[in-house]
Structure formats: structure tokens, C-alpha cells
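Engineer: Sharing a model that was predicted from the sequence below.
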Amino acid sequence: QKEVEQNSGPLSVPEGAIASLNCTYSDRGSQSFFWYRQYSGKSPELIMFIYSNGDKEDGRFTAQLNKASQYVSLLIRDSQPSDSATYLCAVNRSKAAGNKLTFGGGTRVLVKP
Amino acid sequence: GAVVSQHPSRVICKSGTSVKIECRSLDFQATTMFWYRQFPKKSLMLMATSNEGSKATYEQGVEKDKFLINHASLTLSTLTVTSAHPEDSSFYICSARAGADTQYFGPGTRLTVL
């Protein structure tokens, strides 16, 4: 089992719709969770982070964390063509695991006009 | 805030030469920086953790003598690819940790070894 798993996609979403991305992780001791967006040929850009169970909203983005089920998700509301990118889920694992980020393989999102 | 720069953005070199890549945190101090490499259509692979004032910690399978890391100050870490070969061609990205665990990435350096 991979430490952080994401569906590779592509996730095709009509413009204006909600894109829903999921991520599961294996280390139950993981402390914090991050979503990054990466455009082709560019480096990752931090979208948001979440530490506590529940929802966290920032503009059109909502992160959801469920530690009991070991998943974190990202919702993108009112999707725009400019949201087309690869979205990377990253998990900061326990201190025993070195306090490093472990990345999922990324989900490619295509927003069609 | 939390801006990380990387230089150069692109480098082409001949096989056997060494290449140095700089990573700077511009508006914050970073005791810890990270170096990643990414192959086309693949996810980020952590190479090493760079700690200011101490030796870098390398991930399994990464040759420390091949990829030299120096973290000379709280705002600068360098990665030197020694005796580069075509298989070292990749996208190298650094990140700097701000606060407890949030990492901000530099724009990356695309290395091509001929």
C-alpha cells in the first residue's frame, strides 16, 4: 500500500461545476495535510493546509479531513479552466517518520469550458 | 510572504561537469529546506533534507557524494550535482519550511545534461 494515494485521473469537470478530489494515507500518526497545485512544467503551489477533522474553506476551495477514515479531500467550487492542473496531496507524517512531507501521485484535473 | 527563489531556472551542461543550484527563502528564515527531483509525469521524489548548520539527511538510494548539499545560512541552501550524466537530467525543486511544517516551493531548475 502506498503511503499517500490519489486517483491519477484525469478528472474532467465542466466549467462552473464542483471538482472533488480524494486522498488516502496510511500513517495514522500523520499530523498535517496539504494540497498543492502544479501546472505543467512548473513547481507546486500551496493551496491550503488542514490539521483538524472537519472542513476548512478558503475562497473556492474546501479541504475536508477525516482522521478516523484516513482521508483528506479537496473541493473546488465554480471550477474554471485555469484550475486545470495536477493537484498533489501531501501528508506530514509523524515525527517518528522524520517530519517530512510525503506526496501522493497527484490527480490531473481538466476543466472544460 | 513565504517566497522561495531558485537559481538558475534552466541549465544545460556537458556530461562530466558539476552544476550548482541555489535555493533562497526571500522573506523568511528557514532552518530546514528540502530538495526534490521530478521526472516527467511523475510525482515529487524527496532527495534530501537540508538543515542549517549541520549535515544534510539523504533519502535511501540518493548518493550523498553525487548530490552535495550545503545549507550555509538560514536563507540559502545549495545543491551541487557532481560529474553530471544524462540520467541526472531532471526537474530539481527546492522547498523551505516555514513554521512547524508548511513547505513553500521554489520555481524549480530544469537540468539537461548532454
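Structural biologist: The structure has been received and is ready for your questions.
Engineer: how far out from the middle of the chain is stretch B:40-57?
Structural biologist: 7 Å (C-alpha atoms, centre = their mean, to the nearest Å).
Engineer: distance between the ends of it?
Structural biologist: 25 Å (C-alpha to C-alpha, to the nearest Å).
Engineer: Identify each buried residue in that stretch, please.
Structural biologist: B:Ser43, B:Leu44, B:Met45, B:Leu46, B:Met47, B:Ala48, B:Thr49, B:Ser50, B:Asn51, B:Glu52, B:Ala56, B:Thr57 (16 or more other C-beta atoms under 10 Å in any protein chain shown). C-beta here means a position set from N, CA and C on the backbone, and glycine is covered the same way.
Engineer: quick one: contacts of the helix or strand bottoming out on mean pLDDT in chain A?
Structural biologist: Least confident helix or strand of chain A, by mean pLDDT, DSSP states H and E, is strand A:101-103 with a mean of 91. Residues outside strand A:101-103 that contact it (C-beta atoms under 8 Å, 6 or more residues apart in numbering or on different chains): A:3-4, A:25, A:27, A:34, A:88-93, B:34, B:43-44, B:46, B:101, B:103.
Engineer: Could you list the low-confidence segments of the chain?
Structural biologist: Went with chain A since none was named. A:95-98 (pLDDT under 70).
Engineer: meant chain B actually
Structural biologist: B:1.
Engineer: go with 90
Structural biologist: B:1-2, B:29-31, B:40-43, B:51-55, B:72-74, B:98-102 (pLDDT under 90).
Engineer: Show me the beta-bridge partners of the residue most central in space within it.
Structural biologist: When C-alpha atoms, centre = their mean is applied to chain B, the residue found nearest the centroid is B:Trp35 (3.7 Å). Assessed by DSSP bridges, B:Trp35 has beta-bridge partners B:Ala48, B:Cys94.
Engineer: For it, give its distance to B:Leu68.
Structural biologist: Counting by C-beta to C-beta, to the nearest Å, the separation of B:Trp35 from B:Leu68 is 11 Å.
Engineer: Between these two, which contacts overlap?
Structural biologist: Contacts common to B:Trp35 and B:Leu68, judged by C-beta under 8 Å, 6+ apart, are B:Leu79.
Engineer: Contact distance from chain B - what residues of chain A qualify?
Structural biologist: Neighbours of chain B within chain A, by C-beta under 8 Å from any C-beta of the partner chain: A:31-32, A:34, A:36, A:42-46, A:49, A:88, A:90, A:92, A:98-101, A:103-106.
Engineer: swap the cut-off to 7 Å and go again
Structural biologist: A:32, A:43-44, A:46, A:49, A:88, A:92, A:99-101, A:103-106 (C-beta under 7 Å from any C-beta of the partner chain).
Engineer: so which of those residues comes closest to B:Cys23?
Structural biologist: Checking those against B:Cys23 by C-beta to C-beta gives A:Ser43 as the nearest, at 11.1 Å.
Engineer: Assumed that closest one was part of a strand.
Structural biologist: No. Secondary structure of A:Ser43 (DSSP: H, G, I helix; E, B strand; the rest coil): coil, not part of a strand.
Engineer: how many neighbours does it have?
Structural biologist: 23 (other C-beta atoms under 10 Å in any protein chain shown).
Engineer: Now do the contacts for the nearest residue to A:Ile76 once chain neighbours are set aside.
Structural biologist: The shortest distance from A:Ile76 to any non-neighbouring residue, by C-beta to C-beta, 6 or more residues apart in numbering or on different chains, is to A:Ala19 (4.2 Å). Residues in contact with A:Ala19 (C-beta atoms under 7 Å, 6 or more residues apart in numbering or on different chains) are A:Leu11, A:Val13, A:Ile76, A:Ser79, A:Asp83, A:Val109.
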